[in-house]
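Student: here is the input, now give the coordinates:
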Amino acid sequence: MDRFIEKFTRYLEIEKNYSAHTVLNYRLDLGDFAKFLGDAQIEAVDYLFLRKYLAILKEKKLKARSMARHLSTLRSFFKFLTREGFLKFNPILSVASPKLDKHLPQFLTEEEITRLIESSVAKDEMGLRDRAILETFYSTGMRISELVGLSLDDLDFIGGVVKLKGKGKKERIAPIGDKAIVSLRAYLGQRKKQSNSVFLNKRGMRITDRGVRNIVGKYLRLSGAKQGVSPHTLRHSFATHLLNRGADLRTVQELLGHANLVTTQIYTHLTTDKLKNVYDKAHPRA
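Tutor: Residues are numbered from 1 along each chain as shown. Sure thing, here's the model as predicted:
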């Protein structure tokens, strides 16, 4: 089993160009499956074997979304083994995925976003950095990993765009607004440490994913944001506000860096005020 996992993860790294984080998640899921497989040969895996494995996962009280992720990993794994000739048939083809509940993404209103960004008022280097992080997040809708990975070479203030390195190491160009550019210029102009990384921590090193989460979480609390919101909420808010102001779904898909339009369709929800407004204008007896 170990050699198959090694071949598969090399395939993900080299041919699929997946990030180290994504490959690690595949390794962890397959490691769990390898423990369940034990001394049995991979050829012994059939429909009943996989159903028993899923039953074990369910006994561990895994949520449907986690179950679906494990199953997705196994689908990719067995598809690879079958295509490469290591297995004669794919045992997972007849296994159905668990039904997932559809959750609308949480988002902040435009007023709440304004309060969030304006809660960063300090004018020292770290305060200006925090303001620039909040402005850049909301202006571009980028992921945390994309913000952490930003380098000075990726910024084009004259063109008003930024180059982002998304999932699967795919690059895209995203527009960035004037307010975010002003905040970035203010921060970079006061920054003491010379570095090609855009956002630095207190030690002058490239800021980490956790560091950004802590910063955004801090200002969410200061602004009195509702319970349950997270740094990713800024990305949800970015997409929601664009759609509410008339942007089409394809454009939002490109801006978010989604490979599939289906992923973007979770943002087709509208605020209650927007729904009421449309209803009042459109219904003859409203």
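Student: model confidence over stretch 36-55, on average?
Tutor: Averaged over stretch 36-55, pLDDT sits at 89.
Student: over to stretch 92-105?
Tutor: Predicted confidence along stretch 92-105 averages 72 (mean pLDDT).
Student: swap in stretch 198-214?
Tutor: The pLDDT scores in stretch 198-214 average 94.
Student: stretch 134-152 too?
Tutor: The pLDDT scores in stretch 134-152 average 93.
Student: buried residues in that stretch?
Tutor: Within stretch 134-152, the residues that count as buried by 16 or more other CB atoms under 10 Å are 134-144, 146-150. Just so you know, the C-beta spots here come from the backbone N, C-alpha and C atoms, and that holds for glycine as well.
Student: so Leu184 makes contact with Phe137?
Tutor: No. Contact criterion CB atoms under 8 Å: Leu184 and Phe137 do not qualify, at 11.8 Å.
Student: wait, a strand at Ile173?
Tutor: Yes. Checked against DSSP: H, G, I helix; E, B strand; the rest coil, Ile173 lies within a strand.
Student: backbone dihedrals for the spatially most central residue of the chain, please?
Tutor: Most central in the chain under CA atoms, centre = their mean is Arg143, positioned 5.4 Å from the mean C-alpha point. Note on Arg143: its backbone torsions stand at phi -80, psi 160 [degrees, to the nearest 10].
Student: ok, it - contacts?
Tutor: Taking CB atoms under 8 Å, 6 or more residues apart in numbering as the criterion, Arg143 is in contact with Gly166, Lys167, His232, Arg235, Gly257.
Student: from those, which is closest to Thr22?
Tutor: Lys167 (7.3 Å; CB to CB).
Student: what's around the closest one, how many residues?
Tutor: Residues within reach of Lys167, counting by other CB atoms under 10 Å, total 16.
Student: again with Thr208
Tutor: Applying other CB under 10 Å, we find 13 residues neighbouring Thr208.
Student: how about His241?
Tutor: For His241, the neighbour count with other CB under 10 Å is 18.
Student: OK, contacts around it?
Tutor: Neighbour list for His241: Phe107, Glu110, Ile113 [criterion: CB under 8 Å, 6+ apart].
Student: at 6 Å what do you get?
Tutor: By CB atoms under 6 Å, 6 or more residues apart in numbering, the residues touching His241 are Glu110.
Student: how near is it to Val212?
Tutor: Look at His241 and Val212: by CB to CB, to the nearest Å, they are 21 Å apart.
Student: strands of this structure, start to end?
Tutor: Counting by DSSP state E, one finds strands in the chain at the ranges 155-156, 161-165, 171-175.
Student: strand partners (parallel or antiparallel) of the shortest one?
Tutor: When sheet partners are counted by DSSP bridges, strand 155-156 sits next to strand 161-165 (antiparallel).
Student: which parts of the partner strand are buried?
Tutor: Applying a neighbour-count criterion of 16+ other CB under 10 Å, one finds Val162, Leu164, Lys165 buried in strand 161-165.
Student: could you tell me the angle between it and strand 171-175?
Tutor: Computed by axes from the mean of the first three to the mean of the last three CA atoms, to 10 degrees, the angle separating strand 161-165 from strand 171-175 equals 150 degrees.
Student: perfect, that will be all.
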